[in-house]
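**Q** Here is my input; please provide its structure:
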Amino acid sequence: MTSDSDDPAAVRFAVLGPLEAAGPNGAPVLKGPRQRSLLARLLVAGGRVVPVDRLVEDLWPEQAPDGAVAAIRTFVADLRRALEPARPPRSPARLLATAAPGYVLRAAPGAVDADRFEAGAARGRALLADARPGPALEELERALQLWRGPAYAEFADYPWARGAAERLEELRLAAVEDRAEALIGSGRAAEAVPDLRAHVGARPLREDAWHHLALALYRSGRQGEALAALRRARRTLAEELGVEPGERLRTLEADILAQAPRLSPRPPEQGAPAPAAPAPPPAPAHPLLGRSGETGELERAAERAQRGGTVTALIAGGAGAGKTALARDLAARLSARGWTVAWGECPEHEGAPPAWTWERNA
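**A** A predicted model of the protein is given here:
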């Protein structure tokens, strides 16, 4: 029979901020800086054995002192007493175990806050993929509440901690963006705007963050601000990286300009999500200029077809004349009015049969 103080599962570890280790009553169990560094290094290993030689190199990255191996053994003994205070003398340690050629920390499942954060963020993302933004929001908020500051904050000067901290920070940023997406999908777009503004201010090269900010603004009835945000994103990417925004941002800008119905808020989720409507064809990133006459003729032809009958329109011209741009612009306009638009590009293969583009893309 064992007490809680003998149970390794009763010890909890926190690395999403200053390092903490607490026993079953929540009392801290760590003391000196070497204990803390040793524990952090073993936690970074994630249940894998860390050789003694590696511990020496990592804890003294510049110059290890004479007797460093003996010092490691002393640190291990002290840390074992702190983590398992009720363990009988000379009995094998269950939490910080000896395993050739070094040591391993066998934390219980869920004992480390970083593991709980990763699991919660993954569940939230999976729920978003299933079009369940409400439950996703709950998972993501619980996961993000575990953060108390930068991961492994006090060990930023150690290369072994820096890599682990950067990985966790990247996961945190993705979870922040997933939370914003869940807020937007739950009909709470206006609530997402302030945090997203701060987020893109700190991380201006993250295109997903700009996408969520522009969509949140648009769904909050702030179309002009949404377009302004996309222009800032374009300018930032051009100035910092010399690149244009990715397809997702370009498509969102075109949809906002066309006031595409698919940008409207979805009704609250009820059971299984409804099948997604067919996506309209990609629209040009900027309004089509200088083609108002042709666009007007094509729209009038579409109106005649809508009143009954079939109307055929031919767009002809030499290579580079803008036929495809004109057709895409018309399709985007009709889609914005609620039409279901089918789109297929003609193949350039000589002798291709009629309607082969539909068979090829089916």
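**Q** elements contacting the helix or strand containing residue 213?
**A** Assigned by DSSP states H and E, residue 213 belongs to helix 207-219. For helix 207-219, the packing partners by 3 or more Cβ pairs under 8 Å, 6 or more residues apart in numbering; DSSP states H and E come out as helix 159-185, helix 189-202, helix 223-241, helix 247-258. (C-beta placed from N, C-alpha, C; glycine too.)
**Q** Out of the ones you listed, which is closest to residue 44?
**A** Ranking these by proximity to residue 44 (Cβ to Cβ) places helix 159-185 first, at 4.7 Å.
**Q** The closest one vs helix 207-219, what angle?
**A** 20 degrees (axes from the mean of the first three to the mean of the last three Cα atoms, to 10 degrees).
**Q** Please tell me how far residue 211 sits from residue 229.
**A** The gap separating residue 211 from residue 229 is 9 Å, by Cβ to Cβ, to the nearest Å.
**Q** I misspoke; the intended subject was residue 254.
**A** Residue 254 is 15 Å from residue 229, where distance means Cβ to Cβ.
**Q** Between the two, which has more neighbouring residues?
**A** Just comparing residue 254 and residue 229: by other Cβ atoms under 10 Å the higher neighbour count belongs to residue 229, 25 against 21.
**Q** how about residue 33, what does it touch?
**A** With contacts defined as Cβ atoms under 8 Å, 6 or more residues apart in numbering, residue 33 has no neighbours.
**Q** where does it land on pLDDT?
**A** Residue 33 is assigned a pLDDT of 85 by the prediction.
**Q** In space, what's closest to the residue most central in space within the chain - neighbours in sequence excluded?
**A** For the chain, residue 174 is the residue whose C-alpha lies nearest the centre (Cα atoms, centre = their mean; 2.5 Å). Nearest non-adjacent residue to residue 174, counting by Cβ to Cβ, 6 or more residues apart in numbering: residue 121, 7.2 Å away.
**Q** show me where pLDDT drops low in the chain?
**A** Low-confidence regions of the chain, defined by pLDDT under 70, span residues 1-9, 24-27, 265-293, 295-296, 303-311, 317-322, 325-326, 333, 335-362.
**Q** For it, which segments count as strands?
**A** Per DSSP state E, the chain carries strands over the ranges 12-14, 20-22, 50-51, 96-99, 102-105.
**Q** which helices and strands does the third one pack with?
**A** The one in question is strand 50-51. When contacts are defined as 3+ Cβ pairs under 8 Å, 6+ apart, strand 50-51 sits against strand 102-105.
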